[in-house]
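*Asks:* Fold the stuff below for me.
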Amino acid sequence: MQSNNIPKITTKETEHLRETYPALSHLEAGNVSEWLQERKDQLFEMARQSENEADMTRVLGLLASGIGAVCYAVNPMAVVGGLIGGAAWLWFVVEHSNRTKEIAPIPFVRGNFIDAVARAGDYDSRSNYQADHLANTVKFLERHEAEEYAFLLAEFENIGQYLTQVEPGKRFYAYRWMFGWFGKLKGRQLPTYQSMALHLQDVTIDSRVNRSEISAIAQAQIQLPPTVDIKQFQSPQIDIRHSPQASELSRPTELQPSANGLSPDTITHLPLANRANVLIAALTKSGFQVEDMMSSQVIAIAGTQRGGKGTLAAILATLSLALDSGLNTQYFTAGVDVYPFSCNLISALKYPEKDADGADKLVARDLLKFLKGLDGCEPYSHKNLLLVIDEAMRLLSLLEESDRTWAIQYLLSRFAKCGGTLIIVLHGSNLTSVVGKATAGLADTFKQSVNFIGCVAQSVSAGGLRKINVASGEYFKANPNNFAEPVSGGNLGMIPDWLKIELHPGNSQPDPARTLLKFFPELVQHHQPAVMPRGEKIAPDDAVNQLESIFSKPTQEAEIAELEFVSISEADLEQILNIVTSAVTTPVSFAAIRNSRKWGEDKKAVRYLRCAIAQLIESKQLKGSEKLGFTAF
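*Replies:* The predicted structure is shown next:
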């Protein structure tokens, strides 16, 4: 029984906030999906109402201004009405511009007025505008409410799954907590359920909940018989391993698949994506939490040698490609021990004429160029990219110190902005050992956005007294401060035995990655050394750099010569110097200078910026080139 003497925690400024939501007792009683849908519909109706009010304000404001301008000679007071109407119209234009950065003076016309005029003669623009009708309606909400609508639209299913596992009395708090993190992470992801559960351990049941209402709602929940059995529309994911196939009945008993596992023959007739869903469901049922492993845009598989890091990377990449056939899988690795799955492979096999160290150095150079290209692209322009970097520490160790520091910082802190997914294999005991002293101060920011997965190696007999280390197949969510230590409740399970049928050709130990490919024969790709024409040799690095400078220099000079007449402001020159001198790593690329947030909305044109940089180089304030980057004297 609640005591009437308990003071309320809410203040007069915040007491009304809960009243704007649908009845919280339904959420706390377990009607999670219905409550979330009601809140989503409520926000959209608020947006529609706000849009209608905005159109009415503009119509009446323009109408009053027009009448005042026309009738001022008949009645001088009409000018006053016109001024009031014009003020109302101007108030809306300014307020809307502050919220959305769009100038919309005309009623019933959304977005920037200039863009609306441009759409009149462009079919593609009109099609895109109609496709974005929902997003343009939501813009009329206040910024915080618009962000909440985006939160519900993007993460509706995940929010529901999270909240159904939260005890009654804490669900609304958990909803607001997730929404807060959604805003902090700029909509890229949600925190893991484990992190939320750990946080809620320190949260008490809300004293403001109406226990009698919650009990009444929970008792009133009645399961009605469905008019249609929705199970008939589900893809076969549960009983497929036990379904009696004609081919199985005719085979000898010793060749039939195990009752506890899957056999490729039973599911290869399914479409690729359905096959992947069947395997993911089977792995999850076996205790191997594949979905938790892919719960972030950046997955770092870390630990000691021969722990199964590369095996897990190959499994995750294969399942991801099976689920999305349009996935662009880029795979970088040192050496030639590569799993035969479909991808764009950059390894030592690309440079068969080089020795091991020389080939790995060229692969490291290719990786750096690829990352530089991603850094110069528009945000979220590579949503279909899956970047896998195996033997990452080997490749990064072959780069110059400044390039290595830049690459590690980019991968662990800024890669997610490109929109893709990164699976990186790290050899080290903790984050500082990987990042190094030069970037150790950024370690705390990495921990929030990177999903660290640890692995366990085991020793097996190699004959006589000799032992070799092989992967145990067991994985866990690793502590960034110690990759060998799992976080609380971070067990990710062990690879099931039915995925250990095929053997690795090198050590003759069970190979789950090659076993998985038996379920996806169309994703098998045997990677062979690149064939070079007889007599051809790879040019040395010095020759390549010299040729690149020869061919790039005239182009740069020509571009700058065309802009010699352009007047560069002193403020822009100072801003460029400020960007270069305040950068965390040097040299600073041309793309990084142009895309710097210090420019704000005033992003400079490429040729204008090149001309400004050329003036700074000529005045001995900057040095470098577009290829190598720029540093200040």
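*Asks:* Bridged to Ala302, which residues?
*Replies:* Leu426, Gly454 (DSSP bridges).
*Asks:* Run through the strands of the protein in chain order.
*Replies:* Here the chain has its strands, by DSSP state E, at 298-303, 328-332, 344-346, 385-389, 421-427, 450-461, 467-479, 482-494, 622-625, 629-632.
*Asks:* which of those strands is buried the deepest?
*Replies:* Per residue and on average, the most neighbours among these fall to strand 298-303, with a mean of 25 (mean count of other C-beta atoms under 10 Å). Using the backbone N, CA and C atoms, a C-beta is placed for each residue, glycine as well.
*Asks:* Scan this structure for its longest helix.
*Replies:* Identified as the longest helix of the chain according to DSSP state H is helix 32-71.
*Asks:* ok so, going back, just send the strands of the chain back as JSON lines, with mean pLDDT and distance to Ala513 too.
*Replies:* Output for those, formatted as JSON lines (pLDDT from 0 to 100; distance: least, C-beta to C-beta, whole Å):
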{"stretch": "strand 298-303", "mean pLDDT": "85", "distance to Ala513": "13"}
{"stretch": "strand 328-332", "mean pLDDT": "92", "distance to Ala513": "13"}
{"stretch": "strand 344-346", "mean pLDDT": "89", "distance to Ala513": "14"}
{"stretch": "strand 385-389", "mean pLDDT": "93", "distance to Ala513": "12"}
{"stretch": "strand 421-427", "mean pLDDT": "87", "distance to Ala513": "13"}
{"stretch": "strand 450-461", "mean pLDDT": "76", "distance to Ala513": "13"}
{"stretch": "strand 467-479", "mean pLDDT": "76", "distance to Ala513": "10"}
{"stretch": "strand 482-494", "mean pLDDT": "82", "distance to Ala513": "15"}
{"stretch": "strand 622-625", "mean pLDDT": "84", "distance to Ala513": "43"}
{"stretch": "strand 629-632", "mean pLDDT": "83", "distance to Ala513": "38"}
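*Asks:* wait, which of those is closest to Thr405?
*Replies:* Using C-beta to C-beta as the measure, strand 629-632 is the one of these that comes nearest Thr405, at 12.8 Å.
*Asks:* And the contacts of that closest one?
*Replies:* For strand 629-632, the surrounding residues in contact (C-beta atoms under 8 Å, 6 or more residues apart in numbering) are 577, 580-581, 586-590, 593, 613, 621-624.
*Asks:* mind giving me CSV with the residues you listed and columns for distance to Ile346?
*Replies:* Formatted as CSV, those follow (distance: C-beta to C-beta, whole Å):
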residue, distance to Ile346
Leu577, 36
Val580, 31
Thr581, 34
Thr586, 26
Pro587, 24
Val588, 26
Ser589, 21
Phe590, 24
Ile593, 28
Ile613, 31
Gln621, 38
Leu622, 33
Lys623, 31
Gly624, 27
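*Asks:* hmm, back to that, between the strands of the chain, which gets nearest to Gly506?
*Replies:* strand 467-479 (10.6 Å).
*Asks:* Now do the contacts for Phe370.
*Replies:* 330, 332, 346.
*Asks:* What is the burial count for Leu198?
*Replies:* Neighbour count for Leu198, taken as other C-beta atoms under 10 Å: 14.
*Asks:* before we move on, what about Asp366?
*Replies:* So Asp366, with other C-beta under 10 Å, has 16 neighbours.
*Asks:* Tell me who's in contact with the closest residue to it other than its chain neighbours.
*Replies:* Leaving aside its sequence neighbours, Asp366 sits nearest to Ile346 (C-beta to C-beta, 6 or more residues apart in numbering; 5.2 Å). Residues near Ile346 by C-beta under 8 Å, 6+ apart: 330-333, 363, 366-367, 370.
*Asks:* please redo it, this time with the cut-off set to 6 Å
*Replies:* 332, 363, 366 (C-beta atoms under 6 Å, 6 or more residues apart in numbering).
*Asks:* can you give me the helices in the stretch 301-450 of the chain?
*Replies:* 309-323, 356-375, 392-397, 401-409, 431-435, 443-449 (DSSP state H, counting those that start in this stretch).
*Asks:* Output these as TSV; include the columns mean pLDDT.
*Replies:* Conversion of the helices of the stretch 301-450 of the chain to TSV gives the following (pLDDT from 0 to 100):
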stretch	mean pLDDT
helix 309-323	90
helix 356-375	89
helix 392-397	84
helix 401-409	83
helix 431-435	59
helix 443-449	58
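*Asks:* what's the most buried one of those?
*Replies:* Most buried among the helices of the stretch 301-450 of the chain, counting by mean count of other C-beta under 10 Å: helix 309-323, with a mean of 23.
*Asks:* Packing partners of that one?
*Replies:* Under the contact criterion of 3 or more C-beta pairs under 6 Å, 6 or more residues apart in numbering; DSSP states H and E, helix 309-323 touches helix 272-285, strand 298-303, strand 385-389, strand 421-427, helix 512-517.
*Asks:* With distance to Ile617 as added columns, please give those in CSV.
*Replies:* Shown next, in CSV, are the helices and strands packed on helix 309-323 (distance: least, C-beta to C-beta, whole Å):
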stretch, distance to Ile617
helix 272-285, 53
strand 298-303, 36
strand 385-389, 34
strand 421-427, 35
helix 512-517, 50
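*Asks:* Tell me which of the ones you listed sits nearest to Leu17.
*Replies:* strand 298-303 (34.8 Å).
*Asks:* That closest one vs strand 482-494, what angle?
*Replies:* 100 degrees (axes from the mean of the first three to the mean of the last three C-alpha atoms, to 10 degrees).
*Asks:* all numbers from here: first residue = 45
*Replies:* Noted, 45 is the first residue going forward, which turns the last one into strand 342-347.
*Asks:* mind checking how far strand 342-347 is from the chain centre?
*Replies:* Computed by C-alpha atoms, centre = their mean, to the nearest Å, the chain-centroid distance of strand 342-347 equals 15 Å.
*Asks:* can you list contacts of it?
*Replies:* Contacts for strand 342-347 (C-beta under 6 Å, 6+ apart): 353, 356-357, 466-470, 494-499, 522, 527.
*Asks:* Kindly recompute the last result at 8 Å.
*Replies:* Contacts of strand 342-347 (C-beta under 8 Å, 6+ apart): 337, 353, 356-357, 360, 455-456, 459-460, 465-472, 478, 493-501, 522, 527-528.
*Asks:* In CSV, list the contacts of Ile390 along with distance to Leu547.
*Replies:* Below are the contacts of Ile390 laid out as CSV (distance: C-beta to C-beta, whole Å):
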residue, distance to Leu547
Phe376, 26
Val407, 27
Asp410, 31
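*Asks:* just those residues now: which is nearest Pro540?
*Replies:* Phe376 (29.2 Å).
*Asks:* does the closest one have beta-bridge partners, and which?
*Replies:* Under the criterion used (DSSP bridges), Phe376 bridges to Ile390, Ile433.
*Asks:* can I assume it is in contact with Arg409?
*Replies:* No. In this structure, Phe376 is not within contact of Arg409 by C-beta atoms under 8 Å, at 10.9 Å.
*Asks:* Report the lowest-confidence entry in the contacts of strand 673-676.
*Replies:* Minimum pLDDT for the contacts of strand 673-676 is recorded at Thr630 (76).
*Asks:* do you know how far the residue nearest to Gly517 when sequence neighbours are not counted is from Asn321?
*Replies:* In space, and not counting its chain neighbours, Gly517 is closest to Ile539: 3.7 Å by C-beta to C-beta, 6+ apart. Using C-beta to C-beta, to the nearest Å, one gets 18 Å for the distance from Ile539 to Asn321.
*Asks:* who's more crowded, the two?
*Replies:* Ile539 (25 against 18).
*Asks:* residues touching the more buried one, list them.
*Replies:* 332, 352, 359, 517-518, 556.
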